[in-house]
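1. The following block contains a protein sequence and its predicted model.
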Amino acid sequence: MCGIVGYLGKKPALPILIQGLRRLEYRGYDSAGVAVMNGEIVRMRAVGKIDSLADKLKDTKIEGTVGIAHTRWATHGGVTEENAHPHFACDGKLVIAHNGIIENYRELKEKLTSLGHTFKSETDTEVLAHLIEVNYKGDLRLAVETALAQVRGTYGLVAMHANEPNKIVAARLGSPLVIGIGEGEYFIASDATPMLAYTKKVTFLEDGEIAEIGLEGVRTFNLRDELISKKVEEIEWNDEQAQKQGYDHFMLKEIHDQPTVFEDAIRGRVDLEEGTAHLGGLNMTDDQMRSIERIVLIACGTASYAAMVGKYAFERLAGIPTEVDVASEFRYRDPIITDKTLVFAISQSGETADTLAAVREAKRKGAYVRGIVNVVGSTIARETDGGTYIHAGPELAVASTKAFTNMVAIMILYAIQFGRLKRVTLATGQRLIKALLEIPEKMNQVLKLNDQIKVLAEKYSGYKDFLFLGRGINFPVALEGSHKLKEISYIHSEAYPAGEMKHGVNALLSPEFPIFAILVKDQLYEKMRSNIEEVKARKSPIILLATIGDEAVKELAEDVIYVPDTMELLEPLVNTLLLQLFAYHMAVILGKDVDRPRNLAKSVTVE
Ligand code: BG6
């Protein structure tokens, strides 16, 4: 998605803005631009990566200490320099950058054209710039407020005006904005990463709020122009944490983060003595929890596969009927929601528009609505009536990895907590907690297979199709493994519950159609083994993920990778890492942009 950065202080703004845009690259973009107050407003834009913009700027001498910058992910209009932000209005005195979609921009454009305004781009943002200009009477914040009152849609907006050179106005409705409070300097960005090197003190603009940032500080107003006080939060990520720490890609770093961040997810939340978990943010009494008759897990992408694992855990441990719904479906279905329904919104970014809309729909229908979210202070975290942060740390690679395993961890903790109120015995609860505490070591054992997995990926890098197979709780693992492979290597891949092979998919089996099957020692082992034998008989190459010590499976496949055993419900926390590494190495071998795969974004904050 698009990214916004703004700076107001005493240092030259340009290097801070460019560095800030680089921190936001992971969001996915196709062009970028900056505008700096330098007596007048100096603007530069470029199609392509940040380097293209930096190259265009290297011979310019822009000293200004106030500026805004933007990375654009095209929604209205093609990928052109003219469509890149920031956008001027008629004269070069007003400039804005904007994330989101102005739904009524066409009618506004017609009205402004009839007033004599001319447009250079195809964007909705430029229309907004002219709308602000036509309302400008010397106070930028009031002009923005008046203009936004005529707008339908979503925005995260920053604006500057040459008549008020030491001011940035920011407004938020549906597209996140974070304000960083430094020593006599202020930052504003779509998330905290561009400001981490300078300050960890932040405030989060809420929907419908407008901030006026000046040298004397930040004033925040609601749309009724009432001054409101904002809580300053201290975020725990430092700049170093958000970097690659020596790995070739963010994705590889984040795969290797998993043992550590898994510990962060369960720390202080497990109770071995009582064999249960305590997730404080749930904001539900034990009686309310016991009264829940149905759980609905809503999510998108990788988070939806984590939700599928959660389904097994809730039904197995808590005995509560649980369904998984991709958010873009849930929000347009007629979901059956009662006051005994508990809806979990699962989201790494906490900003995915489809998931946020589903949250609002579920709240409207009276469900308990809770979040399982990574980004502190994100919209979904704030709009749900409680929930749990997954503490995965900044996940910057577009393809989600550590957020997946931490989402699974939190849902297993919830399933234990609910289960111990109903039918899980102390002994079972303690066994689960003990097994959870052993997971980081088992994850590390899988990460040590890195070189073996790399060799495997090289061996299979010529295939054009893949099929991932799993049963039971490993079916969502197969789905996530397939999702990872297609996301970053662009190889077509699918995943199936292995029992389904005979109902159609067998037709695809051939020497050109490799199978990656999860055959671990659990209650479905024999069933899965016979599925593999069917596949073997039809000559598809087979890669097996198997349990350490199971030598018998070697006759089934030429490539077997062994992972440590664990309780069945916790298998996804171990097995998934192998599939993440397989997809990662495949993408590297095929020369793909691993952290920023084509056509994808880290967080899709528009429908
Ligand atoms: C997609 C991302 O756009 O959104 C995926 O590319 C992610 O990696 C999905 O799983 C859902 O995002 P989130 O932030 O709601 O978990």
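-> Cool, the structure landed.

2. Now do the phi/psi pair for the closest residue to the ligand within the stretch 451-600 of the chain.
-> Proximity of the stretch 451-600 of the chain to the ligand (C-beta to the nearest ligand atom) peaks at residue 600, 4.8 Å away. C-betas here are computed from N, CA, C, even on glycine. Dihedral angles of residue 600 (phi, psi; degrees, to the nearest 10) stand at phi -110, psi 160.

3. Next one: the residue in the stretch 151-300 of the chain positioned nearest to the ligand from residue 445, what distance?
-> Residue of the stretch 151-300 of the chain nearest the ligand, by C-beta to the nearest ligand atom: residue 300 (4.0 Å). According to C-beta to C-beta, to the nearest Å, residue 300 stands 31 Å off from residue 445.

4. How is the residue in the stretch 401-550 of the chain positioned nearest to the ligand assigned, secondary-structure-wise?
-> Nearest residue of the stretch 401-550 of the chain to the ligand: residue 403, at 6.4 Å (C-beta to the nearest ligand atom). Classification of residue 403 using DSSP: H, G, I helix; E, B strand; the rest coil returns helix.

5. To what extent is residue 327 buried, counted in neighbours?
-> 26 (other C-beta atoms under 10 Å).

6. Spell out which parts of this structure neighbour the ligand.
-> Contacts of the chain with the ligand, taken as C-beta under 6 Å from any ligand atom, map to 300-303, 347-349, 352, 355, 398-400, 600-604.

7. quick one: low-confidence parts of this protein?
-> 1, 27-28, 74-77, 239-246 (pLDDT under 70).

8. What are the structural domain limits within it?
-> 3-242, 250-439, 450-589 (automatic domain parsing).

9. Which among the ones you listed is found nearest to residue 595?
-> domain 250-439 (4.6 Å; C-beta to C-beta).

10. so who does residue 140 touch?
-> 94, 132, 159, 160, 161, 164, 167, 169, 212 (C-beta atoms under 8 Å, 6 or more residues apart in numbering).

11. Checking my notes, the third one in a strand, right?
-> Yes: judged by three-state DSSP, residue 159 forms part of a strand.

12. from here on, count from 582
-> Okay, using 582 as the starting number, the last item reads as residue 740.

13. excluding its backbone neighbours, what's nearest it?
-> Excluding its sequence neighbours, the residue lying closest to residue 740 (C-beta to C-beta, 6 or more residues apart in numbering) is residue 677, at 4.3 Å.

14. Just grab the bridge partners of that neighbour for me.
-> Counting by DSSP bridges, residue 677 forms beta bridges with residue 668, residue 740.

15. which residues touch it?
-> By C-beta under 8 Å, 6+ apart, the contact set of residue 677 is 649, 666, 667, 668, 706, 709, 710, 713, 738, 739, 740, 741.

16. Try it again at 7 Å.
-> Counting by C-beta atoms under 7 Å, 6 or more residues apart in numbering, residue 677 touches 667, 668, 706, 709, 710, 713, 738, 739, 740.

17. cool, residue 947 as well?
-> Taking C-beta under 7 Å, 6+ apart as the test, what residue 947 contacts is 918, 920.

18. for it, helix, strand, or coil?
-> Secondary structure for residue 947, judged by three-state DSSP, is coil.

19. Same question for residue 661.
-> Secondary structure, three-state DSSP: residue 661 is coil.

20. show me what contacts residue 830?
-> 978, 1175, 1176.

21. how near is it to residue 1176?
-> 5 Å.

22. Which neighbours do these two have in common?
-> Contact criterion C-beta under 7 Å, 6+ apart; residues shared by residue 830 and residue 1176: residue 978.

23. Give the burial count for the residue of the stretch 932-1081 of the chain found nearest the ligand, as a bare number.
-> Nearest residue of the stretch 932-1081 of the chain to the ligand (C-beta to the nearest ligand atom) works out as residue 933 at 3.3 Å. Around residue 933 there are 29 other residues, counting by other C-beta under 10 Å.

24. Same question for the one 4 residues further on.
-> As a burial measure, residue 937 scores 23 neighbours (other C-beta under 10 Å).

25. three-state assignment of it?
-> Here residue 937 is helix, with the state taken from three-state DSSP.

26. I figured it hits residue 963, correct?
-> No: contact criterion C-beta atoms under 7 Å: residue 937 and residue 963 do not qualify, at 10.3 Å.

27. wait, what's in contact with the spatially closest residue to residue 971 that is not a sequence neighbour?
-> Nearest residue to residue 971, sequence neighbours excluded (C-beta to C-beta, 6+ apart): residue 987, at 3.9 Å. If a contact means C-beta under 7 Å, 6+ apart, then residue 987 has 842, 843, 846, 971, 972, 973 as its contacts.

28. and the gap between the last one and residue 908?
-> Spelled out, it's residue 973. Distance, residue 973 to residue 908, by C-beta to C-beta: 19 Å.

29. same deal with residue 727?
-> Residue 727 is 34 Å from residue 908, by C-beta to C-beta.

30. So what does the residue of the stretch 932-1081 of the chain closest to the ligand have for phi and psi?
-> phi -60, psi 120.

31. residue contacts, it?
-> Contacts for residue 933 were tallied using C-beta under 7 Å, 6+ apart; they are 881, 908, 1184, 1185.

32. Most neighbours among those residues, which one is it?
-> When neighbours are taken as other C-beta under 10 Å, the top entry among the contacts of residue 933 is residue 908 (26 neighbours).

33. So which bits of stretch 798-810 are buried?
-> 799, 801, 802 (16 or more other C-beta atoms under 10 Å).

34. Could you pull out the helices in the stretch 682-831 of the chain for me?
-> 686-695, 705-715, 721-729, 831-847 (DSSP state H, counting those that start in this stretch).

35. okay, the angle between the third one and helix 705-715?
-> For helix 721-729 against helix 705-715, the angle between stretch directions is 120 degrees (axes from the mean of the first three to the mean of the last three C-alpha atoms, to 10 degrees).

36. Restricting to C-alpha, output helix 721-729 in PDB.
-> Extracted in PDB, the C-alpha atoms of helix 721-729 (Å, rounded to 0.1, in the frame of the first residue of the first chain):
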ATOM      1  CA  LEU A 721      -4.600  25.300   6.300                       C
ATOM      2  CA  ARG A 722      -6.100  23.100   9.000                       C
ATOM      3  CA  LEU A 723      -9.500  24.800   8.500                       C
ATOM      4  CA  ALA A 724      -9.300  24.400   4.700                       C
ATOM      5  CA  VAL A 725      -8.500  20.700   5.100                       C
ATOM      6  CA  GLU A 726     -11.400  20.300   7.500                       C
ATOM      7  CA  THR A 727     -13.800  22.000   5.200                       C
ATOM      8  CA  ALA A 728     -12.600  20.000   2.200                       C
ATOM      9  CA  LEU A 729     -12.800  16.700   4.000                       C
END
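
37. chain center to it: distance?
-> 31 Å (C-alpha atoms, centre = their mean, to the nearest Å).

38. just the first one next, same as before
-> Between the mean C-alpha point of helix 686-695 and the mean C-alpha point of its chain there is a distance of 35 Å (C-alpha atoms, centre = their mean).

39. what phi and what psi does the backbone show at the closest residue to residue 1188 other than its chain neighbours?
-> Counting by C-beta to C-beta, 6+ apart, residue 934 is the residue found nearest to residue 1188 once chain neighbours are left out, at 5.3 Å. As for residue 934, its main-chain torsions (degrees, to the nearest 10) stand at phi -60, psi -40.
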